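Novice: Could you look at this predicted model? Sequence included:
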Amino acid sequence: MSSIYILNRTITKSLLLFFLAFFLLPVTGISQDDPDKKDEDRREEKKKDRDRDDDWDWDNRWSHRNGNWNFRHRHSRGNVTTDFFGLDIGINGYGFDGSLNLPNNLDNLELNYGQSWEITFHVVKQRVKLYKKAIRLVYGPEFNLKYYRFTNDITLVPGQDELTIINDDIDYKRNRLRTTFISLPLELEFRAKGKHHHNAFAISGGGYIGLLMSAGQKQKSDEFGVQKERDDFNLNKFRYGLIGKINVGHVGFYAKYALNSMFKDGEGPELHPFTIGVTLFTIRD
């Protein structure tokens, strides 16, 4: 009888503890299945999603509407957004003393602006959020290929202590100076989100520094065919200046102006290069 009594008492205690745990724990709020807590967690997660940069969704919708561009997307981690491999195309030129009109002694350096181009390849570009999505710091290395098409039949003489120009009697079908720079722009971007992603507006401005990698002149004529001469022609090795951009949706425009001279001090005229162009696309990851 004593064994049966002890067994019954043990079972009774176990059932009592079970019912206490089942009914009292939810009342005390210790339960992990609290629906209010779940709703709060879901709201917090949605808030985090809204705080993230929405460019990922922007690019996915853009590529979906233009099926041939479905490789365009962006990778974002926290406050930093990274773009890969962008392409810009612009028109090159240079001015003298704040004017596009060159003095008489520099008439032979006049350009054909319709065939003076800049092609810029963006290796990688990063945007760091400084204040929510409205203000961001933008930077990233790029390669600039610049072509200056001369209207006159001239030849730049290599290996001289100062820029030396020869006026030729040859009718050149093509006569241009090419320079290749590696540059690093640093911009502050202000962004205003539109009602839809495709009409979001952004404006940015800042500066850039560049290093001359190579230069040369290419000429083409009936008399001598294609001629190439590689030389720096007394060009400045370093270049620095200002840059500004305007973006509306997926269309971007930019302008650059060099603050230092195109040629080395005392070795060439005081010409300041500039570029005005358009951003064509960016392959993003």
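Specialist: Noted; the coordinates are in hand.

Novice: how about the CA coordinates for stretch 267-277, as CSV?
Specialist: C-alpha atoms of stretch 267-277 as CSV (Å, rounded to 0.1, in the frame of the first residue of the first chain):
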residue,chain,number,x,y,z
GLU,A,267,57.0,74.5,-71.1
GLY,A,268,53.7,75.3,-72.8
PRO,A,269,50.7,77.6,-73.0
GLU,A,270,48.4,78.1,-70.0
LEU,A,271,45.5,76.0,-71.2
HIS,A,272,42.9,74.5,-68.8
PRO,A,273,41.1,71.4,-70.0
PHE,A,274,37.4,70.8,-69.5
THR,A,275,34.9,68.0,-70.3
ILE,A,276,31.1,68.0,-70.6
GLY,A,277,29.4,64.6,-70.9
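
Novice: What are the buried residues along that stretch?
Specialist: For stretch 267-277, the neighbour count (16 or more other CB atoms under 10 Å) marks Gly268, Pro269, Leu271, His272, Pro273, Phe274, Thr275, Gly277 as buried. From N, CA and C alone the C-beta is placed, and that goes for glycine too.

Novice: what's the burial count for Lys237?
Specialist: By other CB atoms under 10 Å, 11 other residues sit near Lys237.

Novice: Then Gly86?
Specialist: Neighbourhood size, Gly86 [other CB under 10 Å]: 20.

Novice: ok, now Glu40?
Specialist: Applying other CB under 10 Å, I find that Glu40 has 11 neighbouring residues.

Novice: where does it land in three-state SS?
Specialist: helix (DSSP: H, G, I helix; E, B strand; the rest coil).

Novice: Flag the shaky bits of this structure, pLDDT-wise.
Specialist: Applying pLDDT under 70 to the chain flags the ranges 1-39, 41-43, 45-77, 194-199, 281-285.

Novice: which residue ranges form the helices in it?
Specialist: Taking DSSP state H as the criterion, the chain contains helices spanning 2-28, 35-51, 55-65.

Novice: Ser214 and Ile182 touch, don't they?
Specialist: No. Assessed by CB atoms under 8 Å, Ser214 is found out of contact with Ile182, at 10.4 Å.

Novice: circling back to that earlier point, identify those among the buried residues of stretch 267-277 that sit within strands.
Specialist: In strands, defined here by DSSP state E, the members of those are Leu271, His272, Pro273, Phe274, Thr275, Gly277.

Novice: Kindly check the end-to-end length of stretch 244-257 for me.
Specialist: 9 Å (CA to CA, to the nearest Å).

Novice: correction: stretch 161-170
Specialist: Distance between the two ends of stretch 161-170: 25 Å, counting by CA to CA.

Novice: Sort out which residues of that stretch are buried, please.
Specialist: Quick answer for stretch 161-170 (16+ other CB under 10 Å): Leu163, Ile165.

Novice: what comes into contact with that stretch?
Specialist: Contacts to stretch 161-170, defined as CB atoms under 8 Å, 6 or more residues apart in numbering, come from residues 108-109, 152-157, 219, 221, 223-224, 233-234, 263, 266-269.

Novice: repeat for stretch 265-272
Specialist: Counting by CB under 8 Å, 6+ apart, 94-97, 106, 109, 161-163, 234-235, 257-263 sit against stretch 265-272.

Novice: Recalculate using a threshold of 6 Å.
Specialist: Contact with stretch 265-272 is made by Tyr94, Gly95, Phe96, Leu106, Glu162, Leu163, Asn234, Ala258, Ser261, Met262, as judged by CB atoms under 6 Å, 6 or more residues apart in numbering.

Novice: mind listing what the second one touches?
Specialist: Contacts here follow CB under 6 Å, 6+ apart; on that basis Gly95 touches His272.
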